[in-house]
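[1] from the sequence below, what's the structure:
(one chain, ligands or ions: 1)
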Amino acid sequence: ANERSLILFKPDAVQRRLCGELLSRIEKRGLKIVGLKMLMVTKELSAQHYAEHVEKPFYPLLEEFITSGPVVALVVEGPEAISVMRTMMGSTNGRESDLGTIRGDFGLSRQMNLIHGSDGPEAAAREIPIYFRPEELIEYETTL
Ligand code: CMP
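    Have a look, this model is predicted:
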């Protein structure tokens with residue numbers, strides 16, 4: 001099915017000047033960008049996004065990291081966009097990610113793992129409105 005996924009280039013990706021590389025991979029794969037912005041994730045936004053992790057022991061570190069600098073938020077659209085992005089990202093821990101994936105090619109960290117992508121349709125439906133108002137998502141046709 002045609003899907004939308006909420007993607008974040010995390011603060012480490014911005015710091016390491018990897019946003020262009022990550023965006024380029026997404027575009028070359030053929031996914032359509034329907035929303036794009038840079039922002040700071042506040043503590044409130046972090047708690048909303050990571051609601052399922054707020055009580056976990058690693059949450060304070062996760063919050064510190066995700067609020068440490070700007071992120072780039074995108075909504076990408078395409079056939080099976082959610083699982084296509086998850087495959088492109090690789091597994092959570094960069095040390096275990098396959099070569100050819102974003103995390104496998106650029107990282108060794110579990111925390112600073114460069115990119116977030118929605119892990120299923122329910123997560124995407126919940127996460128997209130946290131970052132984008134409806135009018136910030138652009139519907140357009142692509143013919144190529
Ligand atoms: P992400 O998939 O964006 O969403 C949850 C994040 O929590 C995950 O990326 C990791 O960055 C982080 N995370 C998950 N598990 C752990 C853990 N055990 N210790 C530290 N960070 C974690």
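[2] any idea how far residue 2 lies from residue 126?
    Counting by Cβ to Cβ, to the nearest Å, the gap from residue 2 to residue 126 is 18 Å. Bear in mind the C-beta positions are built from the backbone N, C-alpha and C, glycine included.
[3] meant to ask about residue 95, not that
    Relative to residue 126, residue 95 is positioned 29 Å away (criterion: Cβ to Cβ).
[4] and those two? Which one has more around it.
    Neighbours of residue 95 and residue 126, each counted by other Cβ atoms under 10 Å, are more numerous for residue 126; the result is 16 against 12.
[5] confidence score at that one?
    Residue 126 is assigned a pLDDT of 98 by the prediction.
[6] residues of this protein that sit close to the ligand?
    53, 58, 61, 62, 92, 110, 111, 113, 116 (Cβ under 6 Å from any ligand atom).
[7] all helices for the protein, in order.
    Ranges of helices within the chain are 11-15, 19-29, 43-49, 59-66, 81-89, 102-106, 121-131, based on DSSP state H.
[8] rewinding a little: drop anything exposed from the residues of the chain next to the ligand.
    Of all the residues of the chain next to the ligand considered here, the ones buried according to neighbour count by 16 or more other Cβ atoms under 10 Å are 62, 111, 113, 116.
[9] nearest to the ligand, of those?
    Nearest to the ligand among those, counting by Cβ to the nearest ligand atom, is residue 116 at 3.6 Å.
[10] leaving out sequence neighbours, find the closest residue to that closest one.
    With Cβ to Cβ, 6 or more residues apart in numbering as the criterion, residue 116 has its nearest non-adjacent residue at 4.1 Å, and that residue is residue 8.
[11] what is the burial count for that neighbour?
    Residue neighbour count, defined by other Cβ under 10 Å, stands at 21 for residue 8.
[12] my read: it touches residue 115, true?
    Yes. The pair formed by residue 8 and residue 115 meets the contact definition of Cβ atoms under 8 Å, at 6.7 Å.
[13] for residue 11, which non-adjacent residue is spatially closest?
    With Cβ to Cβ, 6+ apart as the criterion, residue 11 has its nearest non-adjacent residue at 3.9 Å, and that residue is residue 69.
[14] that neighbour and residue 13 touch, don't they?
    No. Contact between residue 69 and residue 13 fails when scored by Cβ under 8 Å: they sit 10.0 Å apart.
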